[in-house]
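Asker: predicted model follows, preceded by the sequence.
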Amino acid sequence: MIYCRYIKNSLYALMIFGIVLTAQVHASEFKVGFAKLPITPNLIDEWEDINKDAQFDQDIDKWTDINGNGRFDAVWMAGFQNKRAAQGIKDDLMSVAVVIDDGQTRIGIISADTIGLMRKFVLSVREDVPAEWGLDYIMVHATHNHEGPDTQGLWGPSFLKTGVNDAYMKRLKKDFISTLKLAIDNLETAEMSLALIPTNPLTPIKDKRKPIVIDDDIRAILFNRPDGSIIGSLINFGIHVELAWDKNLDITSDVAGYLRRGISNGIYYDDKLIRSGLGGTTLWLTGNIGGLMTSGPNDPIYDPVIKKMITKPSHSKARAYGYSLANSVIDAFQAGEFKTSPKPSLSVQSLELELGIENLMISFGTLLGIIDADTKFSLRPPFIRYLSEVSFIQMGDASIIGIPGELYPEIAIGGIENPKGADYVIAPQEVPNLRSQFPDKLNLMVNLANDSIGYIIPKSEWDEDAPWIYGENEESYGEIVSLGPDTAKVIHKNVMKLIEESKNQ
């Protein structure tokens with residue numbers, strides 16, 4: 001909005017010696033390395049949800065002090081209501097990393113099964129990565145998992161108490177760095193192929209807010225060895241990772257985990273292999289999910305294996321949806337729909353940008369330390385300012401845009417409106433749509449990349465005051481968890497700047 005700082009190609013090689021050191025570790029040809037590590041939190045105390053509200057109420061619910069310290073030690077689950085304490089573990093949460101090196105530039109991407117990670121934490125991860133690893137840029141991405149621990153502070157035992165466990169966050173940072181190191185150790189010569197894959201209409205995404213605009217294709221990048229075997233894959237798709245929904249009390253990677261396991265290991269039901277996978281390591285990148293993009297608690301999807309329509313939230317629903325996505329990717333591979341990107345080269349750019357926090361709830365959260373974020377004060381409104389980041393990676397015939405929050409899809413693919421009842425009577429501000437800039441390339445848009453600032457809403461659709469847009473009877477959810485009405489315009493402007501800069505290289 002007011003301040004931008006341009007960063008290009010290297011976050012670490014700031015001195016001549018550093019640049020030389022970085023150049024020495026790069027490969028002489030295009031290489032990739034994948035790795036993964038579990039990041040599942042340890043559960044300590046046990047509890048019974050007596051009134052079945054999926055919230056821990058100390059005066060009502062029963063609990064067992066396993067470690068005898070006289071207090072309830074909880075893993076507070078993120079994404080829905082406060083006080084949702086985990087009771088068990090369905091499957092492991094994962095940190096998955098890829099390192100890509102074209103001989104000149106080396107980047108790392110970490111994808112973690114968390115609700116979101118603030119930029120302050122991301123910067124601390126980057127700062128602790130040894131310079132001698134030669135990483136010119138690191139993207140840290142949260143899958144936006146609503147079935148794991150609170151990593152932002154908003155879902156603790158009460159509105160005024162953080163749900164973040166400092167010891168877990170320290171462990172998380174170490175695990176991220178360890179995953180990166182393993183990926184570097186696994187670097188090997190690779191070829192790259194791309195596909196734009198339609199989703200199965202039996203497992204649709206629902207847009208919970210008008211206008212109905214859905215960015216519903218799967219964007220996939222495969223890396224293979226010269227013999228054709230798969231090293232790993234990047235899968236970009238936009239849906240909230242929350243299909244087990246708000247009454248679930250078991251830690252799980254939800255739909256993202258089923259997709260990863262389905263593509264890499266195969267589709268299994270009750271330990272029976274239904275379909276073989278492609279092999280390698282799969283990394284999920286959450287796409288454009290503002291609006292919000294989900295399969296809600298009453299939205300039906302069809303599971304062809306058990307031949308049943310699933311409506312209610314459950315692990316079975318997450319399995320059916322994740323495996324449906326995996327099945328579409330496997331189908332595309334077997335049909336020869338992946339196209340080779342010859343001699344891929346890398347370039348990376350990033351912009352630091354300043355956003356105003358106009359949301360009163362988020363302002364209080366940052367001031368009280370519930371949200372662990374770096375802010376500064378201004379003498380003119382908005383009085384609280386926040387530094388965030390957008391990024392652009394070019395990789396052969398593919399590009400990856402890093403968005404620091406949950407982007408409304410109409411900013412990406414078009415369809416922004418100015419409906420009656422909107423707070424601003426203006427033409428669309430976030431134009432042209434971002435996808436229009438990539439007519440001949442595969443563009444991955446990664447939400448919750450390097451930050452988690454909430455919803456990014458077109459200004460002409462902003463609706464914080466009645467009457468509500470589209471004749472709704474109450475305020476939309478998006479504005480409640482957005483920094484403010486100018487956020488989208490600033491992010492769009494700076495992403496467009498990166499795109500234009502990349503075209504001029």
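Answerer: That came in fine, so what should we check first? A quick note: this is a predicted structure, and the numbers were derived from the prediction, not measured.
Asker: give the buried residues for stretch 90-104.
Answerer: K90, D91, L93, M94, S95, V96, A97, V98, V99, I100, D101, D102 (16 or more other Cβ atoms under 10 Å). C-beta coordinates here come from the backbone N, C-alpha and C atoms, glycine included.
Asker: meant to ask about stretch 313-332
Answerer: For stretch 313-332, by 16+ other Cβ under 10 Å, it's 313-330, 332.
Asker: follow-up on the earlier one: possible to save the buried residues of stretch 90-104 as CSV with secondary structure, distance to G291 and pLDDT?
Answerer: Listed next are the buried residues of stretch 90-104 as CSV, based on DSSP: H, G, I helix; E, B strand; the rest coil; distance: Cβ to Cβ, whole Å; pLDDT from 0 to 100:
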residue, secondary structure, distance to G291, pLDDT
K90, coil, 27, 98
D91, coil, 28, 98
L93, coil, 25, 98
M94, strand, 26, 98
S95, strand, 27, 98
V96, strand, 26, 99
A97, strand, 29, 99
V98, strand, 28, 99
V99, strand, 33, 98
I100, strand, 30, 98
D101, strand, 36, 98
D102, coil, 35, 97
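Asker: what segments of the stretch 351-500 of the chain are helices?
Answerer: Here the stretch 351-500 of the chain has its helices, by DSSP state H, counting those that start in this stretch, at 360-367, 409-413, 487-503.
Asker: pull the residues that contact the shortest one.
Answerer: Contacts of helix 409-413 with the rest of the structure, by Cβ atoms under 8 Å, 6 or more residues apart in numbering, involve 207, 211, 213-215, 238, 288, 290-291, 293, 415-417, 430, 433-435, 445, 456, 458, 461, 488, 492.
Asker: just the buried ones from the residues you listed?
Answerer: 207, 211, 213-215, 238, 288, 290-291, 293, 415-417, 430, 433-435, 445, 456, 458, 461, 488, 492.
Asker: can you check what angle separates the helix or strand hosting F176 from strand 94-101?
Answerer: In this assignment (DSSP states H and E), F176 forms part of helix 166-185. Taking axes from the mean of the first three to the mean of the last three Cα atoms, to 10 degrees, helix 166-185 and strand 94-101 form an angle of 40 degrees between their directions.
Asker: tell me which strands the helix or strand just after helix 166-185 pairs with, and in which orientation.
Answerer: For helix 166-185, the following helix or strand on the C-terminal side (DSSP H and E) is strand 188-189. Using DSSP bridges, strand 188-189 pairs in its sheet with strand 31-38 (antiparallel).
Asker: mean confidence score for the partner strand?
Answerer: Average pLDDT, strand 31-38: 98.
Asker: please pull out the lowest mean pLDDT helix or strand from this structure.
Answerer: Lowest by mean pLDDT, DSSP states H and E among the helices and strands of the chain is strand 4-8, with a mean of 34.
Asker: where does the stretch 351-500 of the chain dip in pLDDT?
Answerer: 367 (pLDDT under 70).
Asker: what ranges do the strands span in it?
Answerer: 375-377, 384-395, 398-402, 406-407, 442-446, 455-456 (DSSP state E, counting those that start in this stretch).
Asker: buried deepest among those, which one?
Answerer: Among those, strand 406-407 has the highest mean neighbour count (mean count of other Cβ atoms under 10 Å), at a mean of 29.
Asker: could you say what helices and strands it packs with?
Answerer: strand 455-456 (3 or more Cβ pairs under 8 Å, 6 or more residues apart in numbering; DSSP states H and E).
Asker: neighbouring strands - and their directions - for the strand it packs on?
Answerer: strand 406-407 (parallel).
Asker: other residues contacting the strand it pairs with?
Answerer: 144, 288-290, 292, 445, 447-448, 454-456, 488, 491.
Asker: ditto for stretch 298-307
Answerer: Here stretch 298-307 has contacts from 202-204, 206, 267, 269, 274, 295, 308-312, 316-317, 319-321, 323-324, using Cβ under 8 Å, 6+ apart.
Asker: same thing but 7 Å
Answerer: L202, T203, K206, Y269, I274, S295, M309, I310, T311, K317, A320, Y321 (Cβ atoms under 7 Å, 6 or more residues apart in numbering).
Asker: neighbour-wise, which of these leads?
Answerer: Y321 (27 neighbours; other Cβ atoms under 10 Å).
Asker: for that one, list the residues it contacts.
Answerer: T203, L243, V255, S295, I301.
Asker: so which helix or strand takes in the third one?
Answerer: Right, V255. helix 254-265.
Asker: now the first helix or strand past that helix going along the chain: average pLDDT?
Answerer: For helix 254-265, the following helix or strand on the C-terminal side (DSSP H and E) is strand 267-269. For strand 267-269, mean pLDDT rounds to 98.
Asker: can you put the strands of the stretch 351-500 of the chain in TSV and add distance to D250?
Answerer: Formatted as TSV, these follow (distance: least, Cβ to Cβ, whole Å):
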stretch	distance to D250
strand 375-377	35
strand 384-395	33
strand 398-402	31
strand 406-407	24
strand 442-446	27
strand 455-456	27
